[in-house]
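**Q** Next one to model:
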Amino acid sequence: MPLSRVTKCVWQHHNRKTELQPVFDYFRSIANEAIRTGIEKNITSQFGLHYELYYRLRSEFYSQYIYGALRCAASKLKFYRKMKRKNPQIKIPHISKNHLILEGGAYKISDGQIRIPIRPRQHCRIKLNHYVLEQIRCAKIGSITITEDKLIISYSKQITGQNPVSFVAIDRNLDNATTYDTQDKFTIYDLQKANQIKQTYRQLKSKFKRNDVRIRERIFAKYGKKERNRVHHILHCTSKQIVDQNMGIILEDIKGIRKLYRRGNGQGSKFRARMNSWSFYELQRQIEYKARWLGLPVKYVKASGTSSKCAACGSKMVPEEHRMLSCPHCNIVVDRDINAARNILARGTRVVPVGIAGEAMVEESKKNILKVDAVQLPYQLTR
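**A** Sure, this is the predicted structure:
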């Protein structure tokens with residue numbers, strides 16, 4: 001398999017906001033000025049922004065911050081133009097939060113600390129914790145992003161892609177994630193605790209009645225962060241157990257699911273809130289980046305019909321009680337999630353030299369030909 005480079009990031013908290021505040025303001029002003037210039041003069045590339053603004057924006061601060069700000073502005077402009085084609089009334093982007101982006105050569109890590117330049121001969125040092133040092137010890141370090149309270153370091157390594165012998169298919173549901181592999185084994189991972197956490201915080205936030213919008217937003221952000229951290233931890237444990245099987249991953253390509261639960265579709269508000277809080281993409285993201293880091297392939301298949309068609313014969317299934325399905329042709333009753341996982345596995349392994357153990361075919365034996373004509377001879381006569 002060819003070599004490829006995969007990237008991850010690791011972060012920790014810091015308490016250097018006061019020292020970095022002048023640089024935050026400088027970085028934010030450069031990025032917003034670059035966005036305004038890019039829209040006025042129709043500049044579409046980072047190089048064009050650099051040619052137009054670099055010498056005008058240089059100041060007493062470290063010049064590498066200009067590169068990071070122009071890179072940030074270029075990405076904002078790219079997204080803005082993409083969304084404007086869909087919605088001409090979209091607002092012009094504006095950066096308001098404090099953050100910095102520094103490339104690999106602009107900082108230095110030594111003696112367990114990272115040294116961040118501010119002005120000539122003036123630096124800010126942040127001590128790295130043991131976990132961060134352990135993660136980046138044998139990896140190539142890339143850019144860093146600094147917010148008001150976080151330091152985020154991206155790092156990468158070169159891997160050789162694996163050719164797994166077995167594959168596992170994953171059917172993501174609101175209350176569970178069901179897997180089925182080519183060794184004819186299935187596992188159901190319970191995710192009901194994540195839904196209970198979301199419901200608890202949803203009820204808690206519904207009781208906040210402050211009239212001040214700023215205070216209400218601050219409180220909502222506080223409890224929203226707590227909810228997100230608890231749910232992501234559950235999904236992290238689930239995704240780690242799936243990837244640790246060291247099999248190729250097959251997932252459904254779920255798109256447009258949020259459009260099914262909008263206001264006016266004839267559904268209740270509680271049901272819509274429950275379905276729209278489904279973290280199907282977060283589980284997909286965690287599984288994918290962990291599998292890529294180990295060199296395992298990740299495939300996506302069409303999601304339609306995986307739960308409604310029989311995995312054995314392809315016939316339309318009949319719904320039964322307790323999430324069970326019955327096939328009128330095969331005369332079998334199976335759990336709908338297991339049936340969906342089997343269909344996903346069959347679609348994903350259609351073009352690879354592996355398959356479900358129960359679907360192996362026996363080669364037909366050759367029959368001895370007693371009397372043959374000249375056309376049926378299994379060999380050619382030689383003169």
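**Q** Could you tell me which residues make contact with Val23?
**A** Residues counted as contacts of Val23 (Cβ atoms under 8 Å, 6 or more residues apart in numbering) are 61-62, 65, 100, 118. No exception for glycine: its C-beta is placed from N, CA and C like everyone else's.
**Q** Among the residues you listed, which ones are in strands?
**A** When DSSP state E is applied, the contacts of Val23 are split such that 100, 118 fall in strands.
**Q** Reformat the contacts of Val23 as a markdown table; add distance to Ile141, neighbour count and pLDDT.
**A** What follows is these, written out as a markdown table (distance: Cβ to Cβ, whole Å; neighbours: other Cβ atoms under 10 Å; pLDDT from 0 to 100):
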| residue | distance to Ile141 | neighbour count | pLDDT |
| --- | --- | --- | --- |
| Phe61 | 23 | 20 | 75 |
| Tyr62 | 18 | 20 | 78 |
| Tyr65 | 18 | 23 | 87 |
| Leu100 | 16 | 22 | 92 |
| Ile118 | 20 | 17 | 87 |
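**Q** List the buried residues of the helix or strand harbouring Met275.
**A** Element membership of Met275, judged by DSSP states H and E, is helix 269-276. Neighbour counts over helix 269-276 (16 or more other Cβ atoms under 10 Å) mark 272, 274 as buried.
**Q** Kindly report the same for stretch 109-125.
**A** Quick answer for stretch 109-125 (16+ other Cβ under 10 Å): 109, 114, 116-118, 124.
**Q** Nearest to Met247, out of these: which one, please.
**A** Distance to Met247 across the buried residues of stretch 109-125 (Cβ to Cβ) is lowest for Ile109, with 35.9 Å.
**Q** what's the closest of the buried residues of stretch 109-125 to Leu133?
**A** Ile109 (8.7 Å).
**Q** Which elements pack onto the helix or strand hosting Thr179?
**A** Under the criterion of DSSP H and E, Thr179 resides in strand 176-181. Strand 176-181 is packed against strand 167-172, strand 186-190, helix 213-243, helix 336-348, with contacts defined by 3 or more Cβ pairs under 8 Å, 6 or more residues apart in numbering; DSSP states H and E.
**Q** Now with 7 Å, please.
**A** strand 167-172, strand 186-190, helix 336-348 (3 or more Cβ pairs under 7 Å, 6 or more residues apart in numbering; DSSP states H and E).
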